[in-house]
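Engineer: got a sequence here, can you model it:
(chains A, B and C)
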Amino acid sequence: MTTLTPTGSPRAARAAARGRALVPPRLLPVIATFALFLLTFGTGAIRYDGFASGQVVANLFIDNAFLIVLAVGMTFVILTGGIDLSVGAMLALSTMVAASALQAGWPAPLVIAAVLLMGSVFGLLMGAVIHHFEIQPFIVTLAGMFLARGLCFVISVESISIRDATFRSIATSVIELPGGITITYGVLVALAVVAVAAYVLHLTRFGRTVYAIGGSESSARLMGLSVGWVKVGVYAVNGFCSALAGLLFSFYMLSGYGLHAVGMELDAIAAVVIGGTLLAGGVGYVFGSLVGVLLLGTIHTMISFEGTLSSWWTKIVIGVLLLVFIVMQRMILGRQT
Amino acid sequence: MTESIATPLQSTVDPVVELRGITVEFPGVRALDDVDFRLFPGEVHALIGENGAGKSTLIKALTGVCDIDAGEIYLNQAPVRFASPKAAQAAGISTVYQEVNLCPNLTVAENILLGREPRRFGAIDGRAMRERARTVLERMGLAIDPGSALGDYPIAVQHLVAIARAVEIESRVLILDEPTSSLDASEVAELFRIIRVLRNQGTAILFVSHFLEQVYEISDRMTVLRNGRRVGEYLPGDLSRVELVSAMLGRELRVLEEIERVAATGGDAAGRVPVIRVDGLGRTGAIEPVDLEIHEGEVVGLAGLLGSGRTELARLLFGADHSSSGEIRVDGRVVHLHNPRAAIAVGIAFCSEDRKGEGLIADLSIRDNLILAMQASRGWPRPIPRRVKDELVQRYIRALDIRPANPDTLVRNLSGGNQQKVVLARWLIVEPRLLILDEPTRGIDIGAKAQIQKLVTDLATDGLAVVFISAELEEVLRISDRVVVLRDRRKIAELRSADTDVDAVMSLIARGHGAPEQREAV
Amino acid sequence: MISPLSRQLVSRARESRLTWPLLALLALLVANVIATPTFFNVRFQNGHLYGSLIDILKNGAPTLLIALGMTLVIATRGIDLSVGAVVAIAGAVACSSIATADDPSSPAAALVGMALALGLCAVLGLWNGFLVAVLGIQPIIATLVLMTAGRGIAMLITDGQIITVNNDSYARVGAGFWLLPVAILISMSVFVVVGLVTRRTALGMLIESVGINPEASRLAGVRSRTIIWTVYVFAAVCAGIAGLMISSNVRAADANNAGLWIEMDAILAVVIGGTSLAGGRYSLTGTLIGALIIQTLTTTVYTAGVAPEVTLVFKAVVVIAVCLLQSAKARAALGRLSRRSRSRPAAVTSRPAACARPGRDGAAERPEDPTAVPTQKASHS
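Structural biologist: Next comes the predicted model:
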């Protein structure tokens, strides 16, 4: 019997050494993100009065529920090594379609179903073009972004407010938690999405194929996996998530507008990257993306608590944060081709 | 247990797989022409042929990767046609390719069971998965932790995991496409042990390789392909090496005449300043400090197993990696080789073993690939004049017999042998003083191999200093004046080729840890 | 009967990646002429040339400039998402400098302001190049850093205000004329200069080499790092010039909106022009055509009276169409040459490249090159 331990190459030796240090290297970025989140939040708690309250944490979730859903969908796509620039535009289109449909008198449940279907089909189409015609995801989803935004303005150049009773009641309902903390239904939806996504990615064949494709698409194909279906499927999933995020956003803003969520796809990508997912694919966790969103949200909150800092500092801080994380990822995981 | 199950050519057992009259055509070429092939259970059947003979196409036809234009495939006497690799796999035919086709980011257990994970209540059962993986690994005699990431293991182990996957599927047919290309001798032995275990359990194994020694060692039956046609099916005992190569090449063996290397005049070398001399050159984690001297017209071979530091030393000589200790002198003057540019500037050239990843610029033409190093050293503002370029290119294409001879051909469309020649020519054009060749004949058909070996010896005779690295010890000894033996990232010996042989070098390499350093006077 | 010469031209045209973009541009122009018969009219007035075509070239000049820089970056297998932010920063720096100068309306102030702006842009390019070439970070994420932080920096410089300047020399950059609008002259000069420098010297080939295989290029002695660094600096400087054009056109610096989404337009122009996002071979002429297509499209939509925001839909359609044609063309060619007729042209369940030709060392082959075929037989005869 031959005992084979990970030896024989410098990289393996390093990996083994790290393994003895109790944490697999792939988890390090997620843990680092979480640690940074705690650190940032702690700094805010020390600096500002009232920061360290449960409601502030709850508000993080409330104000970012849609971004959480967006980031979860984006995680799927990035795990396969792809990218999707259309999510912000899809979110806006969802709000637009919802608002105009409601205005036209459609019942709320139908509107919700229609929007979710639209998002999924849109994503499916993009995925199909990417896979079958072998065009780069960047370009196809960029075109998708333009298309979705353009369609927003075709529906209406101005914003449409949502007056539907169901939507309004969902938007204004709160759930009481112990300690007097209130959250909205959007938060529950977002957390549910995270849980379902984690289940799918780790405990279903679809999810493992997602990781396999990110690791090596050609190998996955040769191993007999349904690479085509999954590659198209992740874009459909992401489209669904964008549409769902759009619904959550329309509860939040109670309006549909073509200029909603401009640039939000980049926030989603930043959250995913900060959350430890490699842009090359194959490595990453939705929990990391959740923490990434919370971290970004905390920074926003801190800056608003600061009061004197202008909002553009947010951009700079996020840029710096992004830099720190990618350099760290680079150093930990070595050269990515 | 190394005895093969003796099966006469006319077997009493039915073949598990039979191909009859298979023809596969691509635009302009007939890759397989009316080929018959049969695989018997409990046998290792080797498929041999030069590059382009049709071996890969045969496998692709069998496993559903390529469509068949004529002929039939029979699985257990029933005709089948596979539409995809998935279908072939489902029918019990598994393939392990030359490049490990697994996902390094997933665990060993996941790689073994991907696509067939055990499930409980609809969700993947991780524990059951690891158990099944552990079972199959134990069956093969491997103790690898199924829960660890595949990427943490070296390629040789990943290969074995790929085979474990095929075993787990309980394939009746296991196809191994060049499984030993990246393995050293001990890993090959391990692989062969597992192959024999599987064979004895009744699996039919199709073994594709161009290492003739290994073919003789492991196979029970051999089929030779040439130019898409089957030359014949033989038993190893019935065919001598010469006859085998003859069947592969289809002509007399003049091509493989012994290329004798006239031993460098050792006496003259003593007084001359070496082209390059390194003292204590090393790199932490890659190679311990090494002393070495190379003179004009000398060929120095580096021998050792994979991981012994051969490539690492070569890269240090070329400045491709940074050294952590030691000094390099070129023509007696100390030089600091921070990067390949510095090395090229003092006349050192390097042909990497990874011809595709580190040698060729695939989408550029032969012409652009040939003049790349020369242009790079001139700098971008001084383009090589068109006329000079054309003349140089034509001269080297002719000199090295690169085919096709059209300099506008993209190198990605060339065969392995011609690609190697292009990379070689690129360095010859800059007229280096020292040429470092890392595995220049790996994965190349015999004809091109002989051409390159002859070229190297001719160049040395003309005064070029050469460092020659190869896993094939005979090749190294045949071509070099001196052999530097490396083991476990350390130089352990330096011998004159004329004074030693393959067995002696092998035993040097194989001696256990702690053996005293041997240095014989050159 | 088709003569051999024209058959040769047709087949060469079919294989050229410029054909479809060129046809698309022509189609757009023709559509415009049909809608507006005076579309091609150019009139001479006050010593300047005026006309719709001139407008297209002028309004598209910033995009063209950025796209030129982007072409070289993409050729090295990279991408630069930060150019929009650089545009904003350039305008912000120039206008702040001019506004705070001793004599805000003097040519000297304009020159100083522009020099400062371009200098800073070069530094930003060095930064991007450092992340990509030295630290080895993936370009999309490396430039995302500056894209995110850059607008914040621009707003910092303008203190969140829109800075207006009253400087004729400065205004000349974006709105001035020298027979033709200065913007056109600048952008076309850059186009010509870059074309000459990259194709008359070996720089173009070395850039392609680095993009196709950076490690092999490094081992062949190519200054990969320097080349990669240089293209990012070039892209940033191009963005800086474009930023100066945009800001001088309105005599103001709007850190929030200047150059918004222009990086996407630039990338589209490059891709439409035939350069692959995967790096390697590039075409500056293709980029020029691509930029013209985008600008003509915008103009067409505008003259048709459609809301300008809807231009986005047309852009999306054009991009997808051109990309599909460029890739479907490859597919169609494969289908024609391969004897295997698949009912679904694009559906492949296995490695398509593996079947195009017998594998040699597993290298992916293209069937368009028949010269590789006779090798097999020749070497064994």
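Engineer: list the buried residues of stretch C:179-195.
Structural biologist: In terms of neighbour count (16 or more other C-beta atoms under 10 Å in any protein chain shown), stretch C:179-195 has its buried residues at C:181-188, C:190-191, C:194. No exception for glycine: its C-beta is placed from N, CA and C like everyone else's.
Engineer: next step: these restricted to helices.
Structural biologist: Members of the buried residues of stretch C:179-195 lying in helices (criterion: DSSP state H): C:182-188, C:190-191, C:194.
Engineer: of those, closest to A:T308?
Structural biologist: Nearest to A:T308 among these is C:A183, at 40.3 Å by C-beta to C-beta.
Engineer: correct me if wrong: that closest one contacts C:G60.
Structural biologist: No - counting by C-beta atoms under 8 Å, C:A183 stays clear of C:G60, with 9.1 Å between them.
Engineer: quick one on the thing from earlier: nearest to B:A189 among the buried residues of stretch C:179-195?
Structural biologist: Nearest to B:A189 out of the buried residues of stretch C:179-195 is C:V194 (C-beta to C-beta; 58.2 Å).
Engineer: mind pulling up the pLDDT for the closest one?
Structural biologist: Model confidence at C:V194, given as pLDDT, is 96.
Engineer: leaving out sequence neighbours, find the closest residue to it.
Structural biologist: Leaving aside its sequence neighbours, C:V194 sits nearest to C:L68 (C-beta to C-beta, 6 or more residues apart in numbering or on different chains; 5.8 Å).
Engineer: which SSE is immediately downstream of the helix or strand containing B:A376?
Structural biologist: Under the criterion of DSSP states H and E, B:A376 resides in helix B:366-378. Note on helix B:366-378: by DSSP H and E, the next helix or strand toward the C-terminus is helix B:386-400.
Engineer: just want the angle from that following helix to helix B:366-378.
Structural biologist: With axes from the mean of the first three to the mean of the last three C-alpha atoms, to 10 degrees defining the directions, helix B:386-400 sits at 120 degrees from helix B:366-378.
Engineer: who's in contact with helix B:386-400?
Structural biologist: B:366-367, B:370-371, B:374, B:384, B:402, B:405, B:407, B:421, B:424-425, B:428-429, B:451, B:455 (C-beta atoms under 8 Å, 6 or more residues apart in numbering or on different chains).
Engineer: most neighbours among those residues, which one?
Structural biologist: Counting neighbours by other C-beta atoms under 10 Å in any protein chain shown, the top entry in the contacts of helix B:386-400 is B:L370, with 30 neighbours.
Engineer: and the contacts of helix B:386-400, which two are furthest apart?
Structural biologist: Largest separation among these by C-beta to C-beta: B:I384 and B:Q451, giving 26.4 Å.
Engineer: next, the buried residues of stretch B:134-149.
Structural biologist: By 16+ other C-beta under 10 Å, the buried positions in stretch B:134-149 come out as B:134, B:136-137, B:140, B:142, B:144-146, B:148-149.
Engineer: same check on stretch B:58-71?
Structural biologist: The neighbour-count check on stretch B:58-71 (16+ other C-beta under 10 Å) flags B:58-69, B:71 as buried.
Engineer: among the residues you listed, which are in helices?
Structural biologist: Going by DSSP H, the helices hold B:58-62 from the buried residues of stretch B:58-71.
Engineer: low-confidence stretches in the stretch 251-381 of chain C?
Structural biologist: C:328-381 (pLDDT under 70).
Engineer: show me where it has strands.
Structural biologist: Remark: strands assigned in the stretch 251-381 of chain C by DSSP state E, counting those that start in this stretch are C:252-253.
Engineer: give me the low-pLDDT residue ranges for the chain?
Structural biologist: In the absence of a named chain, this looks at chain A. A:1-26, A:332-337.
Engineer: chain B, not that one
Structural biologist: B:1-11, B:27-29, B:50-52, B:182, B:242, B:249-271, B:305-307, B:443, B:510-522.
Engineer: picking up where we left off before, of the buried residues of stretch B:134-149, just say which sits nearest to chain A.
Structural biologist: When the buried residues of stretch B:134-149 are compared for distance to chain A (C-beta to the nearest C-beta), B:I144 wins out at 5.0 Å.
Engineer: phi, psi for that closest one please.
Structural biologist: Main-chain torsions, B:I144, degrees, to the nearest 10: phi -110, psi 140.
Engineer: quick one, what contacts it?
Structural biologist: Counting by C-beta under 8 Å, 6+ apart, B:I144 has contacts A:4, B:108, B:137, B:153, B:157, B:161.
Engineer: for the residue in chain A positioned nearest to chain C, which non-adjacent residue is spatially closest?
Structural biologist: Taking C-beta to the nearest C-beta, chain C has its nearest neighbour within chain A at A:G319, 2.5 Å off. Spatial nearest neighbour of A:G319, excluding adjacent residues (C-beta to C-beta, 6+ apart): C:A149 at 2.5 Å.
Engineer: pLDDT score for the one you found?
Structural biologist: C:A149 is assigned a pLDDT of 91 by the prediction.
Engineer: do I have it right that it meets A:I316?
Structural biologist: Yes - C:A149 lies in contact with A:I316 (C-beta under 8 Å); the separation is 4.7 Å.
Engineer: which of those two has more neighbours?
Structural biologist: Using other C-beta under 10 Å as the criterion, C:A149 and A:I316 rank with C:A149 on top: 25 against 17.
Engineer: which helix or strand contains the more buried one?
Structural biologist: Using DSSP H and E, C:A149 maps to helix C:139-158.
Engineer: which helices and strands sit right next to that helix?
Structural biologist: Judged by 3 or more C-beta pairs under 8 Å, 6 or more residues apart in numbering or on different chains; DSSP states H and E, helix C:139-158 is in contact with helix A:264-274, helix A:312-333, helix C:83-99, helix C:107-129.
Engineer: apply 6 Å and report the result again.
Structural biologist: In terms of contacts (3 or more C-beta pairs under 6 Å, 6 or more residues apart in numbering or on different chains; DSSP states H and E), helix C:139-158 is packed against helix A:312-333, helix C:83-99.
Engineer: sounds good, over and out.
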